[in-house]
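Asks: Quick one, what's the 3D model for this:
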Amino acid sequence: MASRKPQPLDSASVRRPIPMRREYDEAPDGSRFEPEYVALATTLSAETLAYYRATGQGPKFAKVGAKVCYRKRDVESWLAKQGGRA
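Replies: Modelled structure (predicted):
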């Protein structure tokens, strides 16, 4: 059986979470972030955060128009109450 040669990935198809995580970590406490950033910081999925919003279990959030955002201090406070990062 012939082995398949790996195909190179184009830059558009590769997610780069590290810069997003760095941006979150280095931001001041009052900064606001979309769920995708918070998902990386908490190791939860964006879907889990949506479930937590719907059931009142997650960190405080605000809706600005149709967008959801979280303040970093609220996320960090919630994580501390949970016993650390998820």
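
Asks: where do the helices sit along this structure?
Replies: 17-26, 35-42, 46-55, 72-82 (DSSP state H).

Asks: Excluding covalently adjacent residues, which one is nearest to residue 78?
Replies: Distance criterion CB to CB, 6 or more residues apart in numbering; nearest residue to residue 78, sequence neighbours excluded, is residue 59 at 3.6 Å. For glycine as for every other residue, the C-beta is placed from the backbone atoms N, C-alpha and C.

Asks: what residue ranges in the protein score low on pLDDT?
Replies: The chain contains residues with pLDDT under 70 at 1-18, 84-86.

Asks: longest strand of it?
Replies: strand 67-71 (DSSP state E).

Asks: What distance do you get for residue 24 to residue 59?
Replies: In this view, residue 24 and residue 59 are 13 Å apart by CB to CB, to the nearest Å.

Asks: now do residue 50
Replies: Counting by CB to CB, the gap from residue 50 to residue 59 is 13 Å.

Asks: okay, those two: which has more neighbours?
Replies: residue 59 (21 against 14; other CB atoms under 10 Å).
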